[in-house]
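Student: after the sequence you'll find the predicted model.
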Amino acid sequence: MIARRWLTLGVALALATPSVMCAQERSLPSEGGANESVAPADTGTWPTQFHLGTNEFNLGFATIVIGAGFLQDYVSYNQDSASAAEFDLERQGFIRDSRFLFSGMLRTPRRIPWQLGLLYDTQKSQWLIRQTMLNIPAPEVWGQVHVGRFKEGISLNKITNGYDGLTQERPTFTDVIPLFGDGIKWLGYLPKAHFLWSLGGYTNWLSKNESWQTYRSQVVARAVYVNLDSDSAGQLLHIGAAGHFGKPQNDTLRLKSKPEVFIAPLFIDTGNFPATFGTISGLEAYYRRGSFVTGAEYYGVWARSAQEGNPSFNGGFVLASWLITGEVRPYATPGGMFKGITPRRPVTKGGKGALETVLQVSYSNYDSDTLSGGKFWRVTPMVNWYLDDHLRLEFTYGFGNLDRFSPHATTEFFQARMQFQFSKIDDGGD
């Protein structure tokens, strides 16, 4: 297992070295913006050469871009007596994520972007198919149609790629929002109406044994009003609403969350309870003014469970981000999400990179009349340093309070992350 970890690290580091970074700077096929390719979709032309760039190749029937990502995390804790009595938390470093991402264009009359993501689970020592997607351009219905395994489409924070996220880990309550689904999704955008949407249907036919799967079938919808000066400059106002309606797998639900530390144990947990239907709905609002971004999301979960009195749960977060060095966080349509930062003066070109400060406050309530999953809030200031498009360092402090046992438990979190990505991982990723 250790050998495999070092092999994965070595491959990721090799792919991330400056000697190969410059060749492939295009965005990969995305939910968000233009799908760039060496084969223009409108002209019908197709490249004749095999080698199109350092990590891009022409297979004849399709092009392929080979990308990779790697996250190395470190965490330590300071616990009060109540926290220490409930949780055995140890300082440690661990591989948070290591993956390969393959993407490109199919040589069809209407060029179709495709993606395949392979994740190496270091805890289980196995490779997993994390994402598959055909992104079919559909201007006839004002957008795109996605087929495969990808983000279901609820919550801006959830659908933003984890490598592009403002914070090191997503807010606690978003753990109960399903991340992936196998199915079909329609994304659309009407710029003059300032309106974008997504509508998807999913089933567990191929994923019933996946750890992330909690529903056997579901329908997900999202509608957003977005008024922006441009994708990458000026002001932006984003106001959205979303809903997730599904039949739980095995007629059982369980709300559980870690304290925004991937390696930590579950802090709040309802345990399994019978449920024949689950509804998740919520609101999201974001505002960008130049280098400053602020936003908030609030969601509720309602379970149809006669045995537990149809319990409901709620949670959300607020955050603020300021890019001190003046960059503007880009926004992508029709996906309706934020993208990663490209430093104006990267370290690899003699600059200082991009520096970002972030403050987030999150809250989750997993208690009901019959279930005691607990309540947890956390305050998280952090600093992101983007050295260039491919290397990011994160330094995070968290102060959390848990109301589940008696007395309340207080825990401080000290976290750091080193992030590599080569041929930028795009919106299909988690």
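Tutor: Great, that's in hand. All of these numbers come straight from a predicted model, not from anything done at the bench.
Student: and Leu355, what helix or strand is that in?
Tutor: Assessed by DSSP states H and E, Leu355 sits inside strand 354-367.
Student: pull out the buried positions in that strand.
Tutor: Residues Ala354, Leu355, Glu356, Val358, Gln360, Val361, Ser362, Tyr363, Ser364, Asn365, Tyr366, Asp367 are the ones in strand 354-367 that count as buried (16 or more other Cβ atoms under 10 Å). In short, each C-beta sits where N, CA and C put it, glycine included.
Student: report all helices and strands that that strand contacts.
Tutor: Applying 3 or more Cβ pairs under 8 Å, 6 or more residues apart in numbering; DSSP states H and E, one finds that strand 354-367 makes contact with strand 256-257, strand 268-269, strand 312-323, strand 372-386.
Student: for these, which one ends up most surrounded?
Tutor: Per residue and on average, the most neighbours among the helices and strands packed on strand 354-367 fall to strand 268-269, with a mean of 22 (mean count of other Cβ atoms under 10 Å).
Student: next secondary structure after that strand?
Tutor: Next along the chain after strand 268-269, taking DSSP H and E as the criterion, comes strand 273-274.
Student: could you look up the SS state of Met83?
Tutor: Actually, residue 83 is Ser. It isn't Met. helix (DSSP: H, G, I helix; E, B strand; the rest coil).
Student: who's the closest residue to it other than its chain neighbours bridged to?
Tutor: Closest residue to Ser83 apart from its sequence neighbours, by Cβ to Cβ, 6 or more residues apart in numbering: Ala409 at 3.9 Å. Per DSSP bridges, the residues bridged to Ala409 are Leu402.
Student: the nearest residue to Trp377 once chain neighbours are set aside and Gly246: what is the separation?
Tutor: Spatial nearest neighbour of Trp377, chain neighbours left out: Tyr363 (4.5 Å); criterion: Cβ to Cβ, 6+ apart. According to Cβ to Cβ, to the nearest Å, Tyr363 and Gly246 sit 24 Å apart.
Student: and if you look at Arg96?
Tutor: Arg96 is 28 Å from Gly246, by Cβ to Cβ.
Student: then Gly201?
Tutor: As judged by Cβ to Cβ, Gly201 and Gly246 stand 10 Å apart.
Student: spit out the residues that contact these two alike.
Tutor: Ser217, Gln218, Val219 (Cβ atoms under 8 Å, 6 or more residues apart in numbering).
Student: those residues in strands, which ones?
Tutor: Counted as lying in strands by DSSP state E, out of those, are Ser217, Gln218, Val219.
Student: closest one of those residues to Glu169?
Tutor: Gln218 (24.0 Å; Cβ to Cβ).
Student: surely the closest one is in contact with Gly243?
Tutor: No - Gln218 lies out of contact with Gly243 (Cβ atoms under 8 Å); the separation is 10.2 Å.
Student: please say which of the two ends up with more neighbours.
Tutor: Taking other Cβ atoms under 10 Å, Gln218 and Gly243 do not tie; Gln218 has more neighbours (23 against 15).
Student: got the contact list for the more buried one?
Tutor: Glu152, Pro178, Gly181, Gly201, Tyr202, His244, Phe245, Gly246, Lys247.
Student: tell me the bridge partners for it.
Tutor: Beta-bridge partners, per DSSP bridges, of Gln218: Tyr202, Gly246.
Student: quick revisit: go through the shared contacts of Gly201 and Gly246 and name the one nearest Gly162.
Tutor: Closest approach to Gly162 among those (Cβ to Cβ): Gln218, at 21.5 Å.
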